[in-house]
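Student: Sequence first, then the predicted structure:
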Amino acid sequence: MSGTKVLLETSLGNITLELEDQKAPLTVANFLRYVDEKHYNGTIFHRVISGFMIQGGGMDFELFEMPTHEPVKNEAANGLSNKTGTIAMARTSMVDSATAQFFINTADNDFLDHKNNTPSGFGYCVFGRVIDGMETVRKIEASDTTSHGPYDDVPVDTVTILKASRI
């Protein structure tokens with residue numbers, strides 16, 4: 001793989017991503033649009049579940065949802081699997097509802113993969129992987145979490161994406 005690379009500078013260290021431009025072109029373009037618009041700067045990892053994933057890119061430090069563009073078409077049927085260290089789009093129960101939020105898998109989560117074209121089987125689109133900084137992902141994953149308003153699994157100590165940029 002030799003796709004576009006993105007650096008996530010977080011309050012706990014850096015994470016370098018390599019994106020799957022060929023297998024998830026719409027999703028990568030969507031993600032890079034948010035990177036280029038500096039949307040991710042100042043957002044937090046608002047959902048952290050040890051042994052599963054860390055999710056971010058959609059909320060500020062007060063847990064207010066950031067405005068987004070229209071949803072992107074779900075490309076989960078691209079043959080990529082939700083393996084440890086991959087990055088995928090978060091979404092609602094609607095297949096084509098992903099906007100800016102993403103998650104990094106901290107375990108092999110094959111149950112999130114595309115199985116069929118039904119709403120329950122469509123899966124979550126993997127569009128890249130961590131190529132450097134998995135130790136930072138593990139630090140974030142180890143965060144103590146709590147409930148905050150309607151949200152569960154929120155880190156007690158805020159983990160912020162200070163800056164996201166192409167490299």
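Tutor: Right, received. Where do you want to start? It should be emphasised that the depicted structure is a prediction, and the values quoted were computed from it without experimental measurement.
Student: Please enumerate the helices of the chain.
Tutor: With helices called from DSSP state H, the chain shows them at 25-36, 134-141.
Student: Kindly reformat these as a markdown table containing mean pLDDT.
Tutor: Output for the helices of the chain, formatted as a markdown table (pLDDT from 0 to 100):
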| stretch | mean pLDDT |
| --- | --- |
| helix 25-36 | 98 |
| helix 134-141 | 98 |
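Student: now for those, which one comes closest to Thr84?
Tutor: For those, proximity to Thr84 was assessed by Cβ to Cβ; helix 134-141 is nearest, at 8.4 Å. Every residue, glycine included, has its C-beta placed from N, CA and C.
Student: separation between Glu75 and His39?
Tutor: Separation of Glu75 from His39 (Cβ to Cβ, to the nearest Å): 20 Å.
Student: I misspoke; the intended subject was Phe45.
Tutor: 15 Å.
Student: Quick check: buried residues in stretch 43-57?
Tutor: Neighbour-count burial for stretch 43-57, with 16 or more other Cβ atoms under 10 Å as criterion, is recorded at 43-48, 50, 52-57.
Student: Would you report which members of those residues are assigned to strands?
Tutor: 43-48, 53-56 (DSSP state E).
Student: what two of those have the greatest distance between them?
Tutor: Largest pairwise distance in these, by Cβ to Cβ, is 16.0 Å, between Thr43 and Met53.
Student: so who does the residue nearest the centre of the chain touch?
Tutor: In the chain, the centroid-proximal residue (Cα atoms, centre = their mean) is Phe102; its distance is 2.1 Å. Counting by Cβ atoms under 8 Å, 6 or more residues apart in numbering, Phe102 touches 31, 55-57, 87-90.
Student: try Leu112
Tutor: Applying Cβ under 8 Å, 6+ apart, the residues contacting Leu112 are 82, 88, 105, 123-124.
Student: so which of those would you say is closest to Asp144?
Tutor: Using Cβ to Cβ, the contacts of Leu112 come closest to Asp144 at Asn105, 20.6 Å.
Student: how many other residues sit next to the closest one?
Tutor: The local packing of Asn105 (other Cβ atoms under 10 Å) involves 24 other residues.
Student: hang on, it packs against Leu80?
Tutor: No. Using Cβ atoms under 8 Å as the test, Asn105 is too far from Leu80 to be in contact (11.0 Å).
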